[in-house]
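Student: Quick one, fold the following:
(2 chains)
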Amino acid sequence: MQPILDLKDLTFSYHSKEGETKALQNLTFSVDQGDFVGLVGPSGCGKTTILNLIAGIISPASGSILLNSQPLNLSLDKVALMPQRDQLFEWRTIERNIMLGLEIRKTKTKQNKEMALALLKKYGLGDFAKMHPSQLSGGMKQRAALIRTLVTQPEILLLDEPFSALDFQTRLNVCNDVYSIIKQEQKTAILVSHDISECISLCDKIVVLSNRPTTVKEEIIIEIDKSLTPLKRREHKLFAGYFEKIWSLLEEKENDG
Amino acid sequence: MTDEHKKYVKKIKIRKLVTKILQASILILFIGLWELVASKEIIDPFIISSPSRIVKIFIKLQGQNSLYNHMVATLSETVFGFLISTVLGTIIAIMLWWNKLLNDVLEPYLITLNALPKISLGPLIIIWIGAGKNSIITMTVLTCIIITIISMLAGFLQVDKEKIMLLKSMRANKFQILFKLVLPSNIPTLMSVLKINVGLAWVGAIIGEYLVSREGIGYLIVYGSQVFQLDLVMASITILSILAALMYAIVAIAEKIIKKYF
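Tutor: Okay, here's the model as predicted:
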């Protein structure tokens, strides 16, 4: 099967007056249709840079990103970003927040609007459509933010530490929520997180990244039953083994050569 | 409602009432003492005037029908200056947000103009624009516009980077980022700018009138002091206080209405 997303030999540098910082070097990995892939790595290793590249906000210096075997810039509409914290617009109602993508793409047709509202209802926010984000709990806001990404019917969801602002208990619940919604909608997802446990509990595959300039250290397939909720997956007997393995990979001293 | 909560609500109500009563008593006490000191000639009423003399002046000016004209003159200069500087300042701030190069180039000039006492430009303005209403409005605009530009721009640049990223990931163009995010998220900034400008616009208009005018509250104050008619000066300042407070109240009400929608 062709992977839905193929990143090949990506190189990217940040430029400043002080000099050039190589963020990515020959980064290569691929994502299969319907997979939930996690990116973990030391802080500052350019995880968000990778997401911004896939989202098409920035372009790589060299290398290629193929989506459905086509250059990314031909099908940017297929990718949606869920940023750190919910980033709902406080001055808009939940309903108008989730329509944002439709407005920007000028595809706010009656049909699309109804589809968006149906999504809100389906995931338990129907009664909150006319409310403002400040009237919702942290978990509900996160769900609204996820629905906002679904409204434009993307194939790939990019989740950039989406739960980092939540307290631990809410976080576990929202994880369950997000996981079941993404699986139900049959979306492919890429998650950036510094929380190894969270990554194992959600992902089918974890890409362990090195320090800057970032390359792929190892890809680990998580073979825990996908039908379990993330919370149950945390209790699975294989969980601790995966945790140990990723932990030691991240601890490893870099071989600068 | 529990008894405890009732007590709490009552306490808050009483507190509010006490505040109002104290506010009113300060005013009444002040006016009363002023009248007393003047009428007993403890201090010469020629120097400090007195509430009753101010009322007499009001009635006299009212009889000449000139009070109304003076008020309208100053009020119109202030309101025009206020509106022009708010709108123009916001547009300039948008241009500077849009074009980083323009912003970098103009920054030192803006900072210098902000620090410059605008009154120093007064004589130049009179020579260039002429001694009239336009000069006074220009003076008002100059007083308000620089701080409007600086405050609005600071607000625009503080917009959450991640929200911009989110819009960019949706393929938003710069226009959409401006109208969907930057402007609506800066309604509170605009409100605080309006409140600052309400005060500054009066400063600009009165300074302008000090320099050139033949009518207006500022003119009355200057004229009154020149002919040593302090009753007139005091009456003018009283009118000014009332007008300024009213205009501030209008902005505050506008803020409440707008907040409902944002």
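Student: Going by C-alpha atoms from here, please, whenever you check contacts or count neighbours.
Tutor: Noted.
Student: Can I get stretch A:4-12 as CSV, trimmed to CA atoms?
Tutor: As requested, C-alpha coordinates have been extracted for stretch A:4-12 and formatted as CSV (Å, rounded to 0.1, in the frame of the first residue of the first chain):
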residue,chain,number,x,y,z
ILE,A,4,-0.7,8.6,2.4
LEU,A,5,2.2,10.9,3.4
ASP,A,6,5.8,10.5,2.4
LEU,A,7,8.5,12.7,3.8
LYS,A,8,11.9,12.3,2.0
ASP,A,9,15.3,13.8,2.9
LEU,A,10,13.8,16.9,4.4
THR,A,11,16.3,19.7,5.2
PHE,A,12,15.3,22.9,6.9
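Student: Could you pull up phi and psi at residue A:67?
Tutor: Geometry field for residue A:67 lists phi and psi as phi -120, psi 120, criterion degrees, to the nearest 10.
Student: Ok, residue A:219 next?
Tutor: Backbone torsions of residue A:219, given as degrees, to the nearest 10, read phi -110, psi 130.
Student: Against chain A, how distant is residue B:105?
Tutor: Residue B:105 sits 19 Å away from chain A, taking CA to the nearest CA, to the nearest Å as the criterion.
Student: For residue A:18, see how far away that residue is.
Tutor: Distance check for residue B:105 against residue A:18: by CA to CA, to the nearest Å, it reads 22 Å.
Student: okay, the residue of chain A found nearest chain B: pLDDT?
Tutor: Among the residues of chain A, residue A:91 lies closest to chain B, at 4.5 Å counting by CA to the nearest CA. Note on residue A:91: pLDDT of 91.
Student: Three-state assignment for it, please.
Tutor: Reducing the assignment at residue A:91 to three states with DSSP: H, G, I helix; E, B strand; the rest coil gives coil.
Student: show me the contacts for it.
Tutor: With contacts taken as CA atoms under 8 Å, 6 or more residues apart in numbering or on different chains, residue A:91 has the following neighbours: A:132, B:184, B:185, B:261, B:262.
Student: Rebuild the residues you listed as a markdown table, extending it with neighbour count, secondary structure and distance to residue A:56.
Tutor: As requested, the contacts of residue A:91 are exported to a markdown table (neighbours: other CA atoms under 10 Å in any protein chain shown; DSSP: H, G, I helix; E, B strand; the rest coil; distance: CA to CA, whole Å):
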| residue | neighbour count | secondary structure | distance to residue A:56 |
| --- | --- | --- | --- |
| A:132 | 20 | coil | 30 |
| B:184 | 17 | helix | 26 |
| B:185 | 21 | helix | 25 |
| B:261 | 8 | helix | 34 |
| B:262 | 15 | coil | 31 |
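Student: Which one of those residues is nearest to residue A:38?
Tutor: Each of the contacts of residue A:91 was scored against residue A:38 by CA to CA, and residue A:132 proved nearest at 31.4 Å.
Student: ok, so what distance separates that closest one from residue B:243?
Tutor: In this structure, residue A:132 lies at 37 Å from residue B:243, with CA to CA as the measure.
Student: ok, now residue B:180?
Tutor: Residue B:180 sits at a distance of 36 Å from residue B:243 (criterion: CA to CA).
Student: just residue B:72 next, same as before
Tutor: Here the distance between residue B:72 and residue B:243 works out to 11 Å (CA to CA).
Student: any idea how far stretch B:99-110 is from the chain center?
Tutor: 27 Å (CA atoms, centre = their mean, to the nearest Å).
Student: mind listing what residue A:133 touches?
Tutor: Residues near residue A:133 by CA under 8 Å, 6+ apart: A:88, A:89, A:90, A:92, A:93, A:94, A:141.
Student: Residue B:1 too?
Tutor: Under the criterion of CA under 8 Å, 6+ apart, residue B:1 has no contact partners.
Student: just to revisit the earlier point, between the contacts of residue A:91, which sits nearest residue B:115?
Tutor: Of all these, the one sitting nearest residue B:115 is residue B:185; the distance, using CA to CA, is 27.9 Å.
Student: Let me know whether that closest one touches residue B:159 as I believe.
Tutor: Yes - under the criterion of CA atoms under 8 Å, residue B:185 lies in contact with residue B:159, with a separation of 7.4 Å.
Student: In terms of neighbours, single out the busier of residue B:105 and residue A:18.
Tutor: Each of residue B:105 and residue A:18 has its neighbours counted (other CA atoms under 10 Å in any protein chain shown); residue B:105 has more, 11 against 6.
Student: residues of stretch B:106-120 that come out buried?
Tutor: Neighbour-count burial for stretch B:106-120 flags B:110, B:114, B:118, B:119 (criterion: 16 or more other CA atoms under 10 Å in any protein chain shown).
Student: Give me the neighbour count for the nearest residue to the first one once chain neighbours are set aside.
Tutor: By that I understand residue B:110. Excluding the flanking residues, the one nearest residue B:110 by CA to CA, 6 or more residues apart in numbering or on different chains is residue B:146, at 6.9 Å. Residue B:146 is surrounded by 23 other residues when neighbours are defined as other CA under 10 Å.
Student: Please report the distance of residue B:146 from chain A.
Tutor: Where chain A is concerned, residue B:146 sits at a distance of 28 Å (CA to the nearest CA).
Student: what about that residue, is that helix, strand or coil?
Tutor: Per three-state DSSP, the local secondary structure of residue B:146 is helix.
Student: Next, the contact list for it, please.
Tutor: With CA under 8 Å, 6+ apart, residue B:146 has these contacts: B:89, B:110, B:113, B:114.
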